[in-house]
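Peer 1: quick one, fold the following:
(2 chains)
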Amino acid sequence: MKGFSDILPPETGRWRVLEERAREVLGGFGFSEIRVPVLERTELFSRSIGEETDIVEKEMYTFTDRSGELITLRPEATASVARAYIEHKMYAFDPMAKLYAIGPMFRHEKPQMGRYRQFHQIDVEVFGISHPMIDAEVMAILMYYLSIVGAKGCALQINSLGCPRCRLPYKEDLQAFLRGHFSQLCPDCQRRMEKNPLRGFDCKVQGCQEVMSKAPLVEGYLCQDCAEHFARVRAFLETIEVPYSVNPRMVRGLDYYTKTTFEVVAEGLGAQDAVAAGGRYDHLIEDLGGGNIPGTGFAIGMERLLLTLPEAPPSRGPSLFIAALGEEAQREAFNLSYRLNLAGVTTMVDYEGRSLKAQMRRANKFGALYALIIGEDELRKGKVILRDMKERRQQEIPLPSVFEEVISWVGGGSSY
RNA sequence: GUGAGUGUAGCUCAGGGGUAGAGCGCUGGACUGUGGCUCCAGAUGUCGAGGGUUCAAAUCCCUUCACUCACCCCA
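Peer 2: Here you go, the predicted structure:
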């Protein structure tokens, strides 16, 4: 299906590494995993993301189920995690909750580089903390994670969108400014001027960029609380030496963001260059029917992150390949390989009754470290041959002690 | 939703009205019981799909689908 893809080996190995590192890093910082459903009531997303956003207006997989309920495949995770936090009264133990979720998201967009209809995110959320320290902490964790998985050329950009109180007058002034330059704007910007004037900032049309370069910025409109919050976020980032730049033109496509917003852009990703993005959402929980509880978080686009990372290393082979000749030897090979696999020595056998040559070729092809040759002659003498594939050396070992010998030679660790 | 590009073997791609190709990979042989290198042989295709033009279409025309990239949007 368009925009939906299979992830095959050895690619799956790269995914597992990303997930394992995420669990390690986040666990280390005191985050717990939460698993939420892939389906939610449509209303959850229209209320949180915003009725008039592109995501809700034209990108959601929405349908009615067999009982007539309007449901949607989640286009992002924050809304679901917030819903779970409220529904299970997680704030009752302590308002602070540090949670993460990993899984697929769905948006009906036209696929292109770094953009798919089913894509995967590592989603990180902190509820119950309004202190600017947590904004900086969350960004630092993100940058640390990106660095340990080997992402190159990542840059953190931050901005503050203010709260509804300071954003409203700003929006009005910006609209007034845009009306004054209406004829110089592209049709798209003219159209979204009333609903979403901020969007003009990331318009790529040159005329719009010229106009927008003179447009008023949120900066000048932040109320004292918001301005101070932003200054302190920056100070905390500097304290722990997390490099960042302020991008006063950064805009978000989801309505719930307040105050701090941030984005990590990476080189070489094509048009979709945001690897991760997030920010503060102080009214989301309340809007969803919870208490007055602030929140902050981010999501990492796993496909995009993978695009910035090196190719998968060639997969490692089995520790041992058993080449058997004849019915009797095959039975011995079957028995041995089963027991060795149980003991942690990844062992392969041939299932087709091939010639010894062909079996050795397969041992080599799959990258086996050792080969065990059980032939009819050896069997009669009660011996087998253990061959070191790399050193090209082999020796006979007595059949009764093969199991122990192989374990001591090959070792117990699996190479998969 | 708009625009452009590409669809030929498992993969990367050449061919552009007249017998379906290369490299890599795959299977086997040379080496009758020992892998990588070399050499030889072999298998694999509805030439994306449907329709049209033609004595003849992978090739030209139309339609459609898929993939890719960009716009838009976003992770």
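
Peer 1: quick one: A:Ala299 from A:Gly279, how far?
Peer 2: Remark: distance between A:Ala299 and A:Gly279 (Cβ to Cβ, to the nearest Å) = 10 Å. C-beta: built from backbone N, CA, C; applies to glycine.

Peer 1: pick out whichever of these two has more residues nearby.
Peer 2: A:Gly279 (26 against 22; other Cβ atoms under 10 Å).

Peer 1: what kind of secondary structure is that one in?
Peer 2: strand (DSSP: H, G, I helix; E, B strand; the rest coil).

Peer 1: got a pLDDT number for it?
Peer 2: In the predicted model, A:Gly279 carries a pLDDT score of 95.

Peer 1: A:Val410 contacts A:Thr346, doesn't it?
Peer 2: No - if you go by Cβ atoms under 8 Å, A:Val410 and A:Thr346 don't touch, sitting 9.3 Å apart.

Peer 1: so for these two, which residues contact both of them?
Peer 2: Residues touching both A:Val410 and A:Thr346 by Cβ atoms under 8 Å, 6 or more residues apart in numbering: A:Ser319, A:Leu320.

Peer 1: of those two, who's got more company?
Peer 2: More crowded of A:Val410 and A:Thr346, by other Cβ under 10 Å: A:Val410, with 24 against 20.

Peer 1: looking at this, A:Arg21 is in a helix?
Peer 2: Yes - the assignment for A:Arg21 (three-state DSSP) places it in a helix.

Peer 1: distance check, it against RNA strand B.
Peer 2: Relative to RNA strand B, A:Arg21 is positioned 17 Å away (Cβ to the nearest atom of the strand, to the nearest Å).

Peer 1: phi, psi of the closest residue to that residue other than its chain neighbours?
Peer 2: Spatial nearest neighbour of A:Arg21, chain neighbours left out: A:Val149 (5.3 Å); criterion: Cβ to Cβ, 6 or more residues apart in numbering. The phi/psi pair for A:Val149 (degrees, to the nearest 10) reads phi -80, psi 0.

Peer 1: please report how far A:Val149 lies from A:Thr12.
Peer 2: A:Val149 is 16 Å from A:Thr12, where distance means Cβ to Cβ.

Peer 1: more neighbours, these two?
Peer 2: Neighbour count, other Cβ under 10 Å: between A:Val149 and A:Thr12, A:Val149 has more, with 19 against 13.

Peer 1: make sure I have this right: A:Val138 is in a strand.
Peer 2: No - going by three-state DSSP, the assignment for A:Val138 is helix, not a strand.

Peer 1: who does A:Thr260 bridge with?
Peer 2: Residues in a beta bridge with A:Thr260, per DSSP bridges, are A:Ser160.

Peer 1: in a helix, A:Ser67, correct?
Peer 2: No - read with three-state DSSP, A:Ser67 is coil and lies in no helix.

Peer 1: can you tell me how far it is from RNA strand B?
Peer 2: Going from A:Ser67 to RNA strand B by Cβ to the nearest atom of the strand gives 28 Å.

Peer 1: and that residue, backbone torsions?
Peer 2: When read as degrees, to the nearest 10, the backbone of A:Ser67 gives phi -100, psi 10.

Peer 1: next, count neighbours for it.
Peer 2: Per other Cβ under 10 Å, the neighbour tally for A:Ser67 reads 6.

Peer 1: list the contacts for the residue lying closest to A:Met90 once chain neighbours are set aside?
Peer 2: Spatial nearest neighbour of A:Met90, excluding adjacent residues (Cβ to Cβ, 6+ apart): A:Ala97 at 5.1 Å. Residues near A:Ala97 by Cβ under 8 Å, 6+ apart: A:Ser32, A:Tyr85, A:Met90, A:Tyr91, A:Glu125, A:Val126, A:Phe127, A:Gly128.

Peer 1: just list whatever residues bridge to A:Ala97.
Peer 2: Taking DSSP bridges as the rule, A:Ala97 bridges to A:Phe127.

Peer 1: tell me the pLDDT at it?
Peer 2: 98.

Peer 1: can you tell me the helix or strand for A:Leu372?
Peer 2: Applying DSSP states H and E as the criterion places A:Leu372 in strand A:370-374.

Peer 1: C-alpha coordinates for that strand, CSV please?
Peer 2: Included here for strand A:370-374 are C-alpha records, laid out as CSV according to Å, rounded to 0.1, in the frame of the first residue of the first chain:
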residue,chain,number,x,y,z
TYR,A,370,33.1,-23.0,12.2
ALA,A,371,31.9,-26.0,10.3
LEU,A,372,31.3,-29.4,11.6
ILE,A,373,31.6,-32.2,9.1
ILE,A,374,29.8,-35.4,9.8
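
Peer 1: for it, what is the average pLDDT?
Peer 2: Averaging pLDDT along strand A:370-374 yields 94.

Peer 1: which residues does that strand contact?
Peer 2: Contacts to strand A:370-374, defined as Cβ under 8 Å, 6+ apart, come from residues A:319-325, A:329, A:332-333, A:336, A:356, A:360, A:363, A:384-389, A:394, A:402, A:406, A:409-410.

Peer 1: going through the residues you listed, which ones are buried?
Peer 2: A:319-325, A:329, A:332-333, A:336, A:360, A:363, A:384, A:386-387, A:389, A:402, A:406, A:409-410 (16 or more other Cβ atoms under 10 Å).

Peer 1: show me the helices in the stretch 301-416 of chain A, by range?
Peer 2: In the stretch 301-416 of chain A, the helices defined using DSSP state H, counting those that start in this stretch lie at A:302-308, A:327-342, A:356-365, A:376-381, A:402-410.
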